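>>> Sequence below, structure please.
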Amino acid sequence: MRKATPMAVLAFLAACLCATATAQEQEQVAVRRLAVRPAAEPVPAMRYRLMPTFHEREPGNAATVLKTAALMLVEHRDKEALDKVAKWGGMPLEQLPREEVQSVLSQFADVLRYVELGAWRERCDWDWPLQEGAAMLLPDLAAYRNMARLLALKARMQILEHDYDGAIHTLETGFAFASHVAEGRILINGLVGSAIASLMLDATGDLMQAPDAPSLYWALTALPRPLVDLRQAIEFELTGMAFWPKELRKPEQMYLSPRQWAEVFRSLGNLVGEGSRSGSLSPTAIALVTYTDAKRHLLEKGRPPEELEAMPVLQVVAIYLRDGWRLRADEALKWWYAPYPQARAGLDAIERVVAEARKDKSGWLVALLMPALQRARFHQMRFERRIAGLRAVEAMRVHAGVTGAGLPARLEEIERVPVPLNPMRGEPFEYELRDGRAVLSAPLEPDGRPEDAFRYEIELVR
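Residues are numbered from 1 along each chain as shown. Model (predicted):
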């Protein structure tokens, strides 16, 4: 069985997982081509769902079952089969080797069964040892990504066999799985959950293009918004100072000797990977550079001089650094709470504040430990934009099914169902109809990367 991995390393790996989830987008500059057919709204309207309702969920903790599924997957020890699953995920449906795919899925049937059992549970508590901070050991979360790949492959095979009800149920399991994974109070949970949900959206796009596929407009509309909510993790890491040594969270309440305070700061230096760097984060260096400013800061806040004189030097520094963190953390959080179109400029400013914190003695820990908030929020909203884009395509299918006409010349012509806005801007998607092919797109956001662009090319087939 694989060894657990330190939290600090897993945070980096989670970012890599999310990057891998969009590798196909990067190669295609985020252009997605969809060949769809007209479709009537289902009757009843909510006949199909992509997320279990509350009354459909089973009692119990999803995390317990999902951890078991992950252990079962690791115990299979069949890397070759999992490599095939990853390769098949980027392959067009009609090119899938059906018999071989079914054989591999049968090999992992027990894992898929436990993923389903866990995904349909009503709650999820990962019960991570959060008091360990960034030194916390977690299981290899790559297993959860492989579980999601298996689910997506199962859904794609069901689509290929025209078992649309079965495919929708599998996708429902996958989206519930993604939501549960994201429920942990640490950012890595949200990033891995988002990567899982992205795989489910890819398979949903395959289903939308299948012959006689039902309309998924209302099923997509009913997905929670945001589907992967990072708010709890961001609040936990910023206001809870989750990955700080506990002595630094409330330093004024700690009664430690100078030697003990030195050990606290020494452990912090090791935690952020600086322990071997020429003493740059050594307790002595920190005290020499920071104490004068820290003492002045506390005097300005009304601390009696005699109280400061009685404190160990590094305790004064710890209070100063904690106050500097709180000031900047609140600046970050206020923009996180705002709607994204309004928050974008503020979040960009926070990134600059973090960069400038390296020049401010009170911002030292901010520069080292503040998560990349702007990119995290952008990642979340990029995913929400994908859902909105698929809803818009489904609206076109419904329009064509109702009117008997082709794709609309303008989105305003669609009257049967509301056409979603681009959630990143709070305004309509860009749209044009040219030579019978529709292009639904959104402008590249400021400082965006090529893979962040959004463009659907839609063809209506009969």
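
>>> Would you agree F175 is in contact with M51?
Yes. Using Cβ atoms under 8 Å, F175 is in contact with M51, at 5.2 Å. For every residue, glycine as well, the C-beta is placed using N, CA and C.

>>> Settle it for me: which of these two has more neighbours?
F175 (27 against 18; other Cβ atoms under 10 Å).

>>> Check which helix or strand the more buried one maps to.
Assigned by DSSP states H and E, F175 belongs to helix 164-181.

>>> Also N189?
Using DSSP H and E, N189 falls in helix 187-208.

>>> Let's test this: mean pLDDT of that helix, rounded?
Helix 187-208 comes out with an average pLDDT of 93.

>>> Okay, D78 and F108: tell me how far apart.
Counting by Cβ to Cβ, to the nearest Å, the gap between D78 and F108 amounts to 8 Å.

>>> where do the strands sit along the protein?
For the chain, the strands defined by DSSP state E occupy 5-6, 31-36, 58-61, 121-123, 137-138, 430-434, 437-442, 454-460.

>>> rewinding a little: who touches both of F175 and M51?
Contact criterion Cβ atoms under 8 Å, 6 or more residues apart in numbering; residues bridging F175 and M51 by contacting each: L223.

>>> quick one: buried residues of the helix holding F175?
Buried residues in helix 164-181, counted by 16 or more other Cβ atoms under 10 Å: 164, 167-181.

>>> and of those residues, the nearest to G404?
Of all the buried residues of helix 164-181, G404 sits closest to Y164, with 23.0 Å by Cβ to Cβ.

>>> For that closest one, list the residues it contacts.
Counting by Cβ under 8 Å, 6+ apart, Y164 makes contact with 158, 207, 210, 212-214.

>>> picking up where we left off before, of D78 and F108, who's got more company?
F108 (24 against 14).

>>> residues contacting the more buried one?
Counted by Cβ under 8 Å, 6+ apart, F108 has contacts 73, 76, 81, 150.

>>> Closest one to P258 out of the residues you listed, please.
Relative to P258, and with distances defined as Cβ to Cβ, the nearest of these is L73, at 49.4 Å.

>>> count of residues packed around the closest one?
24.

>>> How confident is the prediction for it, by pLDDT?
93.

>>> check contacts around it.
With Cβ under 8 Å, 6+ apart, L73 has these contacts: 108, 111, 143, 146-147.

>>> what separates the residue nearest in space to the middle of the chain from I234, distance-wise?
The centroid of the chain falls nearest to L191 when counting by Cα atoms, centre = their mean (3.1 Å). For L191, the distance to I234 (Cβ to Cβ) stands at 12 Å.

>>> so what's in contact with those two at the same time?
Residues touching both L191 and I234 (Cβ under 8 Å, 6+ apart): A376.

>>> Just put the contacts of Y164 in JSON lines and tack on neighbour count and distance to D229.
Converted to JSON lines, those look like this (neighbours: other Cβ atoms under 10 Å; distance: Cβ to Cβ, whole Å):
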{"residue": "Q158", "neighbour count": "21", "distance to D229": "29"}
{"residue": "L207", "neighbour count": "20", "distance to D229": "25"}
{"residue": "A210", "neighbour count": "17", "distance to D229": "30"}
{"residue": "D212", "neighbour count": "8", "distance to D229": "35"}
{"residue": "A213", "neighbour count": "19", "distance to D229": "29"}
{"residue": "P214", "neighbour count": "19", "distance to D229": "28"}
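
>>> How is the protein partitioned into domains?
As given by automatic domain parsing, the domain ranges for the chain are 5-229, 240-370.

>>> ok now the first one, how far from the chain's centre?
If I follow you right, that is domain 5-229. 13 Å (Cα atoms, centre = their mean, to the nearest Å).

>>> And the shortest one, by the same measure?
Taking Cα atoms, centre = their mean, one finds the center of domain 240-370 at 27 Å from the center of the full chain.

>>> Now do the helices in the stretch 201-350 of the chain.
In the stretch 201-350 of the chain, the segments counted as helices under DSSP state H, counting those that start in this stretch are 217-221, 231-238, 246-249, 258-271, 283-300, 305-310, 313-336, 340-357.

>>> ranking those helices by burial, who's on top?
With neighbours taken as mean count of other Cβ atoms under 10 Å, the helices of the stretch 201-350 of the chain reach their highest mean count in helix 217-221, at a mean of 23.

>>> Show me which positions of stretch 434-445 end up buried.
438, 440-442, 445.

>>> of those residues, closest to A285?
Among the buried residues of stretch 434-445, and counting by Cβ to Cβ, the member closest to A285 is E445, at 40.0 Å.

>>> contacting residues for that closest one?
344, 378, 424, 452.

>>> can you list those residues in CSV and add distance to S267?
What follows is the contacts of E445, written out as CSV (distance: Cβ to Cβ, whole Å):
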residue, distance to S267
R344, 37
F378, 33
M424, 40
D452, 38
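
>>> which of those sit farthest apart?
So for those, where distance means Cβ to Cβ, the most widely separated pair is R344 and D452, at 12.7 Å.

>>> Tell me the buried residues in stretch 65-75?
Of all the residues in stretch 65-75, those buried under the rule 16+ other Cβ under 10 Å are 65-67, 69-70, 72-74.

>>> Ok, stretch 403-419 next?
For stretch 403-419, a neighbour-count test (16+ other Cβ under 10 Å) marks 407-408, 411, 414, 417, 419 as buried.

>>> Including pLDDT and distance to L433, could those residues go into TSV?
Converted to TSV, the buried residues of stretch 403-419 look like this (pLDDT from 0 to 100; distance: Cβ to Cβ, whole Å):
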residue	pLDDT	distance to L433
L407	95	6
P408	95	7
L411	96	10
I414	96	12
V417	96	18
V419	97	14
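
>>> And the furthest pair within these?
Taking Cβ to Cβ, the two most distant members of the buried residues of stretch 403-419 are L407 and V417; they sit 14.8 Å apart.

>>> Which two among the contacts of L73 are spaced furthest apart?
Top of the distance list for the contacts of L73 (Cβ to Cβ): F108 and A143, 11.6 Å.

>>> about what we covered before: and the helix holding N189, which residues are buried?
By 16+ other Cβ under 10 Å, the buried positions in helix 187-208 come out as 187-208.

>>> Then stretch 121-133?
Quick answer for stretch 121-133 (16+ other Cβ under 10 Å): 121, 124, 126, 128, 130, 133.

>>> Which helix runs longest in this protein?
Identified as the longest helix of the chain according to DSSP state H is helix 373-403.

>>> what angle do it and strand 31-36 make?
Per axes from the mean of the first three to the mean of the last three Cα atoms, to 10 degrees, the angle that helix 373-403 makes with strand 31-36 is 20 degrees.

>>> what's helix 373-403 packed up against?
Counting contacts by 3 or more Cβ pairs under 8 Å, 6 or more residues apart in numbering; DSSP states H and E, helix 373-403 is packed against strand 31-36, helix 187-208, helix 217-221, helix 313-336, helix 340-357, strand 437-442, strand 454-460.

>>> And these: which comes nearest R386?
helix 187-208 (5.7 Å).

>>> ok, M46 - contacts?
Applying Cβ under 8 Å, 6+ apart to M46 gives the contacts 218-219, 222.

>>> Make JSON lines out of the residues you listed and add pLDDT and distance to P97.
Shown next, in JSON lines, are the contacts of M46 (pLDDT from 0 to 100; distance: Cβ to Cβ, whole Å):
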{"residue": "W218", "pLDDT": "97", "distance to P97": "34"}
{"residue": "A219", "pLDDT": "97", "distance to P97": "30"}
{"residue": "A222", "pLDDT": "96", "distance to P97": "34"}
